[in-house]
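**Q** Sequence and predicted structure, then a few things I'm wondering about:
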Amino acid sequence: MPLPRHLELMPLPRFRAAIFDMDGLLIDSERPIRDAWLQVARELGAPLEECDYLQVVGRGEADSRRLLQERLGPRVSYDTVRERVGVMLAQRQLAQGFAVKAGVIGLLQQLRERGVPCGVASSTERAEVERRLQHARLMRLFDHWSGGDEVTRGKPHPDLFLLAAQRMQQAPQDCLVFEDSEHGARGALAAGMSVVIVPDLKTPSDDARAACLAVLASLCDAQAHIADWFGPA
């Protein structure tokens, strides 16, 4: 039996689930984290520059450790810097937390109205993901969250995104990923997912832009595409 004419004209949603990075996308945390790393390295006499730090934005822990230790040199331990940075960030979180970025609440609410499951896939350790989401009052808007310490290979490998899709019981091709970093975007693409980049600290390369569904100035701009990407409310 053929479908009624009005149903034939209704476009099918392209995606069934949304996966979000956290730092630099949902919350404005990348700048304080960067500044803490540069400050601690400077206090310890290590030659770490902003351009050095930007190489690890969006990467998993193992790659970040290797690359930053190379920049810090033999006299300063990555673990020492990381520990001091952690203390600084914990103090900041207790005092003021991290601001929620523009468009986040509106976008997540629209997705919930459509019944679209939402998850977080962050290179940050899962326990810290939970703390930051809770402090930012975003936890209630997500169904699942996954951290970088739960996979062997971090971004730009696909493992973290595949874990997030598995927890959401979604096929990779049915997931749309929102990322601020090129490393994260490449991981999502490697997982067979589509990606929207909302750049934060770094502008994506031309080939990364070409491979993504869209590159937006902020998540505010994503709201105009929700019906096309996920179907009507």
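**A** Looks like it came in fine.

**Q** Please identify the buried residues of the longest helix anywhere in the chain?
**A** The longest helix of the chain (DSSP state H) is helix 78-95. Neighbour counts over helix 78-95 (16 or more other C-beta atoms under 10 Å) mark 78, 81, 84, 85, 88, 89, 93 as buried. In this view, the C-beta of every residue, glycine as well, is placed from N, C-alpha and C.

**Q** closest to residue 159 among the residues you listed?
**A** Distance to residue 159 across these (C-beta to C-beta) is lowest for residue 78, with 22.1 Å.

**Q** which ones are touching the closest one?
**A** Each residue near residue 78 by C-beta atoms under 8 Å, 6 or more residues apart in numbering is listed here: 65, 68, 69, 72.

**Q** and the gap between it and residue 52?
**A** 12 Å (C-beta to C-beta, to the nearest Å).

**Q** Could you break this protein into its assigned domains?
**A** 5-29+99-230, 30-95 (automatic domain parsing).

**Q** okay, the ones you listed, which one's buried deepest?
**A** domain 5-29+99-230 (a mean of 19; mean count of other C-beta atoms under 10 Å).

**Q** Report the mean confidence score over that one.
**A** Per-residue pLDDT over domain 5-29+99-230 has a mean of 92.

**Q** could you give the mean pLDDT of stretch 36-48?
**A** 91.

**Q** In helices, which of the contacts of residue 78 fall?
**A** Short answer: these in helices (DSSP H) are 65, 68, 69, 72.

**Q** Spatially, which residue comes closest to residue 145, not counting chain neighbours?
**A** Once flanking residues are discounted, residue 145 sits nearest to residue 120: 3.9 Å by C-beta to C-beta, 6 or more residues apart in numbering.

**Q** what about that neighbour, which SS state?
**A** strand (DSSP: H, G, I helix; E, B strand; the rest coil).

**Q** show me what contacts it?
**A** By C-beta under 8 Å, 6+ apart, residue 120 lies in contact with 19, 20, 21, 22, 26, 129, 133, 142, 144, 145, 146, 164.

**Q** Closest one of those residues to residue 155?
**A** Looking across the contacts of residue 120 and measuring by C-beta to C-beta, the closest to residue 155 is residue 21, at 8.6 Å.

**Q** Next up, the contacts around the closest one.
**A** 58, 120, 121, 122, 177, 178, 179, 180, 181, 184.

**Q** what's the closest of those to residue 200?
**A** Out of these, the member with the shortest distance to residue 200 (by C-beta to C-beta) is residue 180, at 4.0 Å.

**Q** pretty sure residue 50 is touching residue 34, no?
**A** Yes: with contact defined as C-beta atoms under 8 Å, residue 50 reaches residue 34; the gap is 7.0 Å.

**Q** contact partners of the helix or strand encompassing residue 129?
**A** Assessed by DSSP states H and E, residue 129 sits inside helix 126-135. Contact partners of helix 126-135, identified using C-beta under 8 Å, 6+ apart, comprise 22-23, 26-27, 29, 93, 97-98, 120, 122, 124, 139, 142, 145-150.

**Q** any idea how far residue 45 is from residue 76?
**A** 7 Å.

**Q** Residue 178 belongs to a strand?
**A** Yes: Residue 178 forms part of a strand when assessed by three-state DSSP.

**Q** All further residue positions should be reported with the first residue as 134.
**A** Got it, the first residue is 134 from now on, which makes the last one we talked about residue 311.

**Q** need the contact list for it.
**A** 151, 152, 153, 154, 158, 328, 329, 331, 352, 355.
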